[in-house]
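Q: below is the sequence, then the predicted model.
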Amino acid sequence: MIIVYASISIIVLSLAYLGYIAVKNLKETKQSINDLSETAARFQEKVDQINTETNQLTETTTQISEGIQTKKETVQGVIQTAKATPAPFKRLISSINNTPNPQRETSDSEITEIGDKLIDLWGRYRVKRKTKQAE
């Protein structure tokens, strides 16, 4: 009879231990599921942020493309207008550009004199800079 009571007590203790282990595993599993849920939520936030940034980038790209197209059309309009300019007007502009300007003409001696002055100034600057560095 003692064997029967011992067997029943072993079975009861085994069932109690099984219940304890089951509750412990349930708590650990619940914590793991909570951690997984939090990770999934953070991941979803990042995905939403990436989608928002992608949409903003698409809008910016569209605006840039539209701006380029507008500028391209403007430049093409200017080119077409320039091409439509009558030839006599072009000749007038060309003759104005080719008209000599006596105020701009300089002789070789004046150019040489200006070059000499610049060389002299450069030499003075270098001497002054060396004396400052020596101090």
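A: Noted; the coordinates are in hand. All values derive from a computational prediction rather than experimental measurement. Numbers count the residues shown, from 1 in each chain.

Q: from now on I want contacts and neighbour counts done on CA atoms only, so please keep to that.
A: Fine.

Q: quick one: pLDDT of residue 92?
A: Note on residue 92: pLDDT of 68.

Q: center of the protein - which residue?
A: residue 57 (10.7 Å; CA atoms, centre = their mean).

Q: pLDDT weak spots in the chain?
A: Residues of the chain meeting the criterion pLDDT under 70: 84-90, 92, 99-108, 135.

Q: which element is the residue nearest to the centre of the chain on?
A: helix 2-83 (DSSP states H and E).

Q: now do that helix: which elements does it pack against?
A: Helix 2-83 sits against no helix or strand, with contacts defined as 3 or more CA pairs under 8 Å, 6 or more residues apart in numbering; DSSP states H and E.

Q: can you give me the offset of that helix from its chain's centre?
A: 26 Å (CA atoms, centre = their mean, to the nearest Å).

Q: shift numbering so it begins at 5
A: Shifting the count to begin at 5 puts that one at helix 6-87.

Q: if we can go back for a sec, separation between the residue nearest to the centre of the chain and residue 100?
A: As judged by CA to CA, to the nearest Å, residue 61 and residue 100 stand 50 Å apart.

Q: next: residue 74.
A: Counting by CA to CA, the gap from residue 74 to residue 100 is 33 Å.

Q: just residue 70 next, same as before
A: The gap separating residue 70 from residue 100 is 39 Å, by CA to CA.

Q: ok, the residue nearest to the centre of the chain - contacts?
A: Neighbour list for residue 61: empty [criterion: CA atoms under 8 Å, 6 or more residues apart in numbering].
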